[in-house]
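**Student:** model this:
(one chain, ligands or ions: 1)
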Amino acid sequence: MIGLTFDGTILTAATLSDGGEIFASAEQIAPDTDYRAWLLAVCAVIEQIRTPQNAGDALGVALPAIIEDDVVTYSAFSLLANTSIRRDLQSALGMPVSVHNIGEALATQACRTGAATDAQLAVAMWIGNSCHGGLALAGQPVTGAHGATANWPHLQLPAPVPHELDGRVCWCGRSGCLESFLSTAALEGDYQRVTGEWRAAADITTASANSDIVADSVIQVFEDRLGRATATIISLFDPDVIVLGGTFLNLPRLCERMPRKWPGYVQVDRSKTRLVGSEGGINAVTAGAAMLAADRVMAAGS
Ligand SMILES: [Zn+2]
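**Tutor:** Numbering: from 1, shown residues only. Predicted structure coming up:
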């Protein structure tokens, strides 16, 4: 199986065993404006991991986008807008290609080999350069009527305090979206508003864990907002598991602290819902995309 993830800046490709374990991977910076250059970069990174043994495999691509009928309909990354990436990559690479939302890929990996293998209903939350949601029922991803199932990042931040929504304009054209509070850029922006200095999101998380009082105060605000977001998902879906993945998150700390916030935001007892971290980072998304591509091949052959 072969998977690839584009997170907005980096292309990460990997080949996987049938059991879902990654045994070869490659990555490179992606062009950020030119679609043709982006396609060529994808081809280059895939060629690094193609071998005679996997030449017949399909490629699953996880994108920061809502995808309907194989066409990107919404994305924060303008080079992807209204593109037929599946068609174009199949032509360029000469191999079967399927395209998926990052949240769908994370939910799939979590249900097949990850943190939610025993879940009847699982909701995935990806928090990175952009944010994404996915939903899986009995191990199968559910994409919805428009490819936008569990699109939590563009719900408005619940229970805002006075002025909390001010100035939070989202790329989607609305304001107050959860993505404008919980993404990499959002955390970095909050830190800069407090200190006047820019600092990378991963550094803020690390500093918080190392008793940096200012960084920790910014992280605590982030956590309260994530608590409200996860409580809203529980109220809507009542899932067995919420799978949390991302690039700068302190997952053990979040999985310990978030459930304590839920009773204040949900109507009835939902203590059976578990919050689990996806420890694989971007590799978990890439693996999920590869699994979805293998599903498509199997479905086409049956
Ligand atoms: Zn939005």
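**Student:** Show me where this protein dips below the pLDDT cut-off.
**Tutor:** 302 (pLDDT under 70).
**Student:** For it, just list every one of the strands.
**Tutor:** Residue ranges of the strands in the chain, as given by DSSP state E, are 2-6, 10-16, 22-29, 59-63, 65-68, 71-75, 97-101, 121-127, 131-137, 140-141, 241-246, 274-277.
**Student:** export those strands to CSV and tack on distance to residue 162 and mean neighbour count?
**Tutor:** Where you see a C-beta, it was placed from the backbone N, CA and C, and this is true even at glycine. Below are the strands of the chain laid out as CSV (distance: least, CB to CB, whole Å; neighbours: other CB atoms under 10 Å):
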stretch, distance to residue 162, mean neighbour count
strand 2-6, 38, 28
strand 10-16, 38, 22
strand 22-29, 41, 14
strand 59-63, 37, 28
strand 65-68, 32, 22
strand 71-75, 31, 19
strand 97-101, 34, 27
strand 121-127, 25, 28
strand 131-137, 24, 26
strand 140-141, 39, 20
strand 241-246, 28, 26
strand 274-277, 28, 19
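**Student:** any chance of these in a markdown table, with distance to the ion too?
**Tutor:** Converted to a markdown table, the strands of the chain look like this (distance: least, CB to the ion, whole Å):
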| stretch | distance to the ion |
| --- | --- |
| strand 2-6 | 19 |
| strand 10-16 | 23 |
| strand 22-29 | 26 |
| strand 59-63 | 17 |
| strand 65-68 | 11 |
| strand 71-75 | 9 |
| strand 97-101 | 15 |
| strand 121-127 | 14 |
| strand 131-137 | 9 |
| strand 140-141 | 22 |
| strand 241-246 | 18 |
| strand 274-277 | 23 |
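**Student:** got those strands as a markdown table, with distance to residue 296 columns?
**Tutor:** Below are the strands of the chain laid out as a markdown table (distance: least, CB to CB, whole Å):
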| stretch | distance to residue 296 |
| --- | --- |
| strand 2-6 | 13 |
| strand 10-16 | 15 |
| strand 22-29 | 20 |
| strand 59-63 | 8 |
| strand 65-68 | 13 |
| strand 71-75 | 16 |
| strand 97-101 | 5 |
| strand 121-127 | 19 |
| strand 131-137 | 16 |
| strand 140-141 | 12 |
| strand 241-246 | 22 |
| strand 274-277 | 27 |
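**Student:** Spell out which parts of the chain neighbour the ion.
**Tutor:** Neighbours of the ion within the chain, by CB under 5 Å from the ion: 154, 170, 172, 177.
**Student:** One more pass at 6 Å, please.
**Tutor:** Neighbours of the ion within the chain, by CB under 6 Å from the ion: 154, 170, 172, 174, 177, 179.
**Student:** Tell me where the chain has helices.
**Tutor:** 35-47, 85-93, 102-112, 179-182, 184-195, 201-209, 213-237, 251-261, 282-301 (DSSP state H).
**Student:** just those helices: most buried one?
**Tutor:** Of all these, helix 102-112 has the most neighbours on average by mean count of other CB atoms under 10 Å, namely a mean of 31.
**Student:** could you give the angle of that helix to strand 10-16?
**Tutor:** Angle between the axes of helix 102-112 and strand 10-16 is 30 degrees (criterion: axes from the mean of the first three to the mean of the last three CA atoms, to 10 degrees).
**Student:** Enumerate every residue touching the residue lying closest to residue 22 once chain neighbours are set aside.
**Tutor:** Nearest residue to residue 22, sequence neighbours excluded (CB to CB, 6 or more residues apart in numbering): residue 14, at 4.7 Å. By CB atoms under 8 Å, 6 or more residues apart in numbering, the contact list for residue 14 reads 2-4, 22, 24-26, 49, 283, 286-287, 290.
**Student:** Likewise for residue 99?
**Tutor:** By CB under 8 Å, 6+ apart, residue 99 lies in contact with 60-61, 63, 67, 70, 72, 85-86, 89.
**Student:** If anything else comes up later, I'll come back, but that's it for now.
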